[in-house]
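*Asks:* The following block contains a protein sequence and its predicted model.
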Amino acid sequence: MTATLSKQDRLNATLTSLRSAMPELRGALIATVDGLPIAQAMGDGTDANRVAAMAATALGLGKRINDTLGSGTLSDMSVSGLNGQVYIYAAGSKGVLAVVTPPGVNLGLLHMEARDTAENVANIL
């Protein structure tokens, strides 16, 4: 008999898969578009609640900018600093995926893995 995984277990497994594919990531989390954390693997004492709220807010602002400029549906956005970046991906209409990277991360691989992860999250939510 096969046990059915809960939604939470599936989301946690999705983050684990992303972290396995890209072990250099500093953190990743899944949140609702309202900014509530659902699953996280942030590490180093980072407050997942704050990151979830900020990522959802940033995604909402990004969507408004895209709407204003007529740029179509927002898929992702980034915030860059000297010591790393945060990439924020829309996960359907209900979710947000935030990924924290070190400088010099392979962006092609990151976007491929994170977009697949965001799609999986959207399907789960």
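*Replies:* Good, I have the coordinates.

*Asks:* What residues does residue 123 make contact with?
*Replies:* residue 92 (CB atoms under 8 Å, 6 or more residues apart in numbering). (Each C-beta comes from the backbone N, C-alpha and C, glycine too.)

*Asks:* Put the alpha carbons of the host helix or strand of it into CSV.
*Replies:* Assigned by DSSP states H and E, residue 123 belongs to helix 107-124. Output of helix 107-124 as CSV, limited to C-alpha atoms (Å, rounded to 0.1, in the frame of the first residue of the first chain):
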residue,chain,number,x,y,z
LEU,A,107,21.9,31.7,-13.7
GLY,A,108,20.9,29.3,-16.6
LEU,A,109,20.8,26.3,-14.2
LEU,A,110,19.1,28.4,-11.5
HIS,A,111,16.3,29.7,-13.7
MET,A,112,15.7,26.2,-15.2
GLU,A,113,15.5,24.5,-11.8
ALA,A,114,13.6,27.3,-10.0
ARG,A,115,11.0,27.7,-12.8
ASP,A,116,10.4,24.0,-12.8
THR,A,117,10.1,24.2,-9.0
ALA,A,118,7.7,27.1,-9.2
GLU,A,119,5.6,25.2,-11.7
ASN,A,120,5.5,22.2,-9.3
VAL,A,121,4.5,24.4,-6.4
ALA,A,122,1.7,25.9,-8.5
ASN,A,123,0.4,22.4,-9.3
ILE,A,124,0.5,21.5,-5.6
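
*Asks:* Now do the strands for the chain: every range, in order, please.
*Replies:* Listed from the start of the chain, the chain has strands (DSSP state E) covering 27-32, 37-41, 76-81, 84-91, 95-101.

*Asks:* Of those strands, which stretch is the most buried?
*Replies:* strand 95-101 (a mean of 25; mean count of other CB atoms under 10 Å).
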